[in-house]
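Visitor: Sequence first, predicted model second:
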Amino acid sequence: MNGNKHRLAVIYDGDCPFCSRYVRFARLRDSFDIELVDARARPDVVAELRSLGHDLDTGMVVRLEGKTYHGADAMWLLSTLSSKVGLWNRVLAAMFRNRRLAGILYPVLRAGRNLTLRLLGRKPLH
């Protein structure tokens, strides 16, 4: 922890336009020291997460206080930590604050992400 702030790391695919926009627009509460990690620029982080069983091609990763959250769980956590300021954050909160609904919606969003990356000619992270 840095001062009174909790350290929060969001590891995402920087080539994914949805992931990049999400991490840019998510308004996390001021009580976090946030590190945004573009997985494309950090193959060491991708390898480490893969060794722990987390595939960044199937979901972003969030680390908070020694715990790692992947995919729908990561989105759920971020939605609980985000402020409710702005339409974008309110919509995402409504979608992902319910863990069961997050588990249903996340695979649909992931499929859209994968299709978009293929159409843009971008390769998977692995």
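Guide: Alright, I've got the coordinates. Residues are numbered from 1 along each chain as shown.
Visitor: how far away is the residue sitting nearest the centre point of the chain from residue 54?
Guide: Closest residue to the average C-alpha location of the chain: residue 60 at 3.9 Å, with Cα atoms, centre = their mean. From residue 60 across to residue 54, the span is 10 Å (Cβ to Cβ, to the nearest Å). Glycine gets a C-beta too; all of them are placed from N, C-alpha and C.
Visitor: anything in contact with each of these two?
Guide: residue 70 (Cβ atoms under 8 Å, 6 or more residues apart in numbering).
Visitor: can you list the weak-confidence ranges in the chain?
Guide: 1-4, 23-31, 83, 126 (pLDDT under 70).
Visitor: ok, residue 10 - contacts?
Guide: Shown in contact with residue 10 (Cβ under 8 Å, 6+ apart): 23, 34-37, 60-62, 74, 78.
Visitor: closest to residue 50 among the residues you listed?
Guide: Distances from residue 50 to these, taken as Cβ to Cβ, are shortest for residue 61 (10.5 Å).
Visitor: Compute the distance between the closest residue in space to that closest one that isn't next to it in sequence and residue 101, please.
Guide: Spatial nearest neighbour of residue 61, chain neighbours left out: residue 11 (4.3 Å); criterion: Cβ to Cβ, 6 or more residues apart in numbering. Per Cβ to Cβ, residue 11 is found 23 Å from residue 101.
Visitor: Of these two, which one has the most company?
Guide: Taking neighbours as other Cβ atoms under 10 Å, residue 11 and residue 101 compare with residue 11 leading, 25 against 14.
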